[in-house]
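>>> fold the following.
(2 chains)
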Number of protein chains: 2
Amino acid sequence: MTAEASPADISHLTVAVLGGTGDEGRGLARRLSLAGHRVIIGSRDAGRAAAAAAACSGGPLLSGAVNRDAATEADIVFVAVPWEGHQDLLTALAGSLAGKIVVDCVNPMGFDSRGAYPLRVAEGSAAEQAAAVLPGSTVVGAFHHVPAGLLLDPEIERVEMDVLVLGDDRAATDLVIALASQIPGMRGIYAGRLRNCGQVEALTANLVSINRRYSAHAGIRVTGVWPPLR
Amino acid sequence: MTAEASPADISHLTVAVLGGTGDEGRGLARRLSLAGHRVIIGSRDAGRAAAAAAACSGGPLLSGAVNRDAATEADIVFVAVPWEGHQDLLTALAGSLAGKIVVDCVNPMGFDSRGAYPLRVAEGSAAEQAAAVLPGSTVVGAFHHVPAGLLLDPEIERVEMDVLVLGDDRAATDLVIALASQIPGMRGIYAGRLRNCGQVEALTANLVSINRRYSAHAGIRVTGVWPPLR
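Modelled structure (predicted):
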């Protein structure tokens, strides 16, 4: 599996989800395993990873491992760790992640009495930070806005929203777009180069505001574009 | 008309659109005048303002004036000037805008060979810059993502997208939400405080990327929220 693979090659990938014991990570692992992929939830603790994999109603090829083993095994690696641990974890795993597509899903966000707000990131965005510390990997930003509650809910078959996919490598963004579009109701949309990922990550703070005002699990759809829904 | 007005009071407003001779400004003026409001296109040149008003197939109560007269006449003032002239124009009109709702629609954006990218704004966003230079006004950020081409197209009756509305004054954001929702197909959605407006403005760069990739006039819808469409 290389960044040059065509979107037709996405069946039966091995996917790692680093930080996969958190809500967003478990939700992504669940949906990607239900789409037929072998998925490894990564965690600092192998036991917690295995417990998370067993408890989230995923597909048959869902397992858990320590982050490094998950990264080593995988064709493509999702990063769903808390922002606080982002740089250190990726720096530590740079060798295992070299030559792979790394999909950064992290939203650097703070909370205070007035709600959520985006944190300033020196590199511009979490995804650009990942690209800076992983020069041997192909970094894609995606899945920032998908509510974990919807991904984890066994009652919800279709996750009706779009996934904005950002990156500088066409083959890699095409692959992640195809992966997102395998989840029923979901559609991957190319949304620009990595330098335009900061505002996409930050928009999560707006979705938090929307959720509070409307008691919702808000997502977004892009109107006026042609990629069809499954 | 004050910021304390209820959403029920939005019939027959007088609306100014500063920078209203640009595509976005004419488009907004056209749709708001078709919704039944008296709309004044503002420009540095009264003749150009009148010509723009006459040429954009708007409602019967659409006219043009110099920016200062438009601001003075209006109950609510939209700002659709190029980013380059934003601070100077608002500073010059601060007296005329005092006590009014100012709806900032400006996207600080640059373009280079790789496409569009957001410009860094010292105040955080164009809307926060407006709030800084207009301490006597109530600033709302909205209408950042609506393609001018759709607003101006007489063949398009329904503009099928949501308008993210940001601000710190509930009555003012409610009013702008109600105004947006008067345009057929469009829905105003509260999307957070003014401090979260920067990423909403910047997201326009992503929509430019989407438009290039998919040959589209992309907008966004928020999924999972309850305000009904008209």
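
>>> any idea of the angle the helix ranked longest in chain A forms with helix B:198-214?
As assigned by DSSP state H, the longest helix anywhere in chain A is helix A:198-214. Interaxial angle of helix A:198-214 relative to helix B:198-214 (axes from the mean of the first three to the mean of the last three Cα atoms, to 10 degrees): 120 degrees.

>>> the following helix or strand past helix A:198-214: partners in the sheet, and parallel or antiparallel?
Heading C-terminal from helix A:198-214, the first helix or strand you meet, by DSSP states H and E, is strand A:219-223. Neighbouring strands of strand A:219-223 in its sheet, by DSSP bridges, are strand B:219-223 (antiparallel).

>>> what's the mean pLDDT across the strand it pairs with?
For strand B:219-223, mean pLDDT rounds to 95.

>>> same deal with stretch A:12-21?
Mean predicted confidence for stretch A:12-21 is 93.

>>> could you list the buried residues of it?
Neighbour-count burial for stretch A:12-21 flags A:13-21 (criterion: 16 or more other Cβ atoms under 10 Å in any protein chain shown). Placement of C-beta: from N, CA and C, glycine included.

>>> pLDDT score for the residue nearest the centre of chain A?
Centroid check for chain A by Cα atoms, centre = their mean gives A:Cys105 as the closest residue, at 3.9 Å. Model confidence at A:Cys105, given as pLDDT, is 98.

>>> all strands for chain A, in order.
Using DSSP state E, the strands of chain A run over residues A:14-18, A:38-43, A:62-66, A:76-79, A:101-104, A:109-112, A:115-118, A:138-141, A:161-167, A:186-190, A:219-223.

>>> closest one to B:Asp168 among the ones you listed?
strand A:115-118 (11.4 Å; Cβ to Cβ).

>>> so for the closest one, mean pLDDT?
97.

>>> so where is chain A shaky, pLDDT-wise?
A:1-9, A:228-230 (pLDDT under 70).

>>> right, is stretch A:101-114 up against chain B?
Yes - Stretch A:101-114 lies within reach of chain B by Cβ under 8 Å from any Cβ of the partner chain, at A:Arg114.

>>> buried residues in that stretch?
Those would be A:101-109, for stretch A:101-114 by 16+ other Cβ under 10 Å.

>>> adding distance to A:Val165, write the residues you listed out as JSON lines.
Below are the buried residues of stretch A:101-114 laid out as JSON lines (distance: Cβ to Cβ, whole Å):
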{"residue": "A:Ile101", "distance to A:Val165": "11"}
{"residue": "A:Val102", "distance to A:Val165": "13"}
{"residue": "A:Val103", "distance to A:Val165": "9"}
{"residue": "A:Asp104", "distance to A:Val165": "11"}
{"residue": "A:Cys105", "distance to A:Val165": "11"}
{"residue": "A:Val106", "distance to A:Val165": "15"}
{"residue": "A:Asn107", "distance to A:Val165": "15"}
{"residue": "A:Pro108", "distance to A:Val165": "19"}
{"residue": "A:Met109", "distance to A:Val165": "20"}
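
>>> with respect to A:Leu93, which of those is nearest?
A:Val102 (9.3 Å).

>>> and the spatially closest residue to that closest one that is not a sequence neighbour, how many neighbours?
Leaving out its chain neighbours, the residue that sits closest to A:Val102 by Cβ to Cβ, 6 or more residues apart in numbering or on different chains is A:Ser137, at 4.6 Å. Neighbour count for A:Ser137, taken as other Cβ atoms under 10 Å in any protein chain shown: 22.

>>> A:Ser137: what's it in contact with?
A:94, A:97-102, A:130-131 (Cβ atoms under 8 Å, 6 or more residues apart in numbering or on different chains).

>>> same thing but at 10 Å, please
A:3, A:77, A:90, A:93-94, A:96-102, A:130-131, A:172 (Cβ atoms under 10 Å, 6 or more residues apart in numbering or on different chains).

>>> those in helices, which ones?
Those of those mapping onto helices are A:90, A:93-94, A:96-97, A:130-131, A:172, per DSSP H.

>>> how about those residues in a markdown table, adding distance to A:Trp226 and neighbour count?
Output for the ones in helices among the contacts of A:Ser137, formatted as a markdown table (distance: Cβ to Cβ, whole Å; neighbours: other Cβ atoms under 10 Å in any protein chain shown):
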| residue | distance to A:Trp226 | neighbour count |
| --- | --- | --- |
| A:Leu90 | 35 | 27 |
| A:Leu93 | 37 | 24 |
| A:Ala94 | 38 | 16 |
| A:Ser96 | 38 | 19 |
| A:Leu97 | 33 | 26 |
| A:Ala130 | 30 | 26 |
| A:Ala131 | 29 | 25 |
| A:Ala172 | 21 | 24 |
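
>>> return only those of these found close to chain B.
Among the ones in helices among the contacts of A:Ser137, no residue lies close to chain B (Cβ under 10 Å from any Cβ of the partner chain).

>>> what residues of stretch A:58-75 count as buried?
Buried, per 16+ other Cβ under 10 Å, within stretch A:58-75: A:58-59, A:61-75.

>>> and it, how far out from the chain's middle?
14 Å (Cα atoms, centre = their mean, to the nearest Å).

>>> and stretch A:98-118, by the same measure?
Worked out by Cα atoms, centre = their mean, stretch A:98-118 lies 10 Å from the chain centre.

>>> CA atoms of it as PDB?
Extracted in PDB, the C-alpha atoms of stretch A:98-118 (Å, rounded to 0.1, in the frame of the first residue of the first chain):
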ATOM      1  CA  ALA A  98       7.400   6.500   7.500                       C
ATOM      2  CA  GLY A  99       6.100   5.600   4.000                       C
ATOM      3  CA  LYS A 100       2.500   5.600   5.200                       C
ATOM      4  CA  ILE A 101      -0.600   7.800   4.900                       C
ATOM      5  CA  VAL A 102      -1.300   9.400   8.200                       C
ATOM      6  CA  VAL A 103      -4.800  10.800   8.600                       C
ATOM      7  CA  ASP A 104      -4.900  13.500  11.200                       C
ATOM      8  CA  CYS A 105      -8.300  14.000  12.800                       C
ATOM      9  CA  VAL A 106      -7.200  16.200  15.700                       C
ATOM     10  CA  ASN A 107      -8.900  19.500  16.700                       C
ATOM     11  CA  PRO A 108      -6.700  21.800  18.800                       C
ATOM     12  CA  MET A 109      -9.400  23.300  21.000                       C
ATOM     13  CA  GLY A 110      -9.800  25.000  24.300                       C
ATOM     14  CA  PHE A 111     -12.900  25.500  26.500                       C
ATOM     15  CA  ASP A 112     -13.800  28.200  29.000                       C
ATOM     16  CA  SER A 113     -17.000  29.600  30.400                       C
ATOM     17  CA  ARG A 114     -18.000  31.000  27.000                       C
ATOM     18  CA  GLY A 115     -17.600  27.700  25.300                       C
ATOM     19  CA  ALA A 116     -15.100  26.300  22.800                       C
ATOM     20  CA  TYR A 117     -12.400  28.200  20.900                       C
ATOM     21  CA  PRO A 118      -9.600  27.100  18.600                       C
END
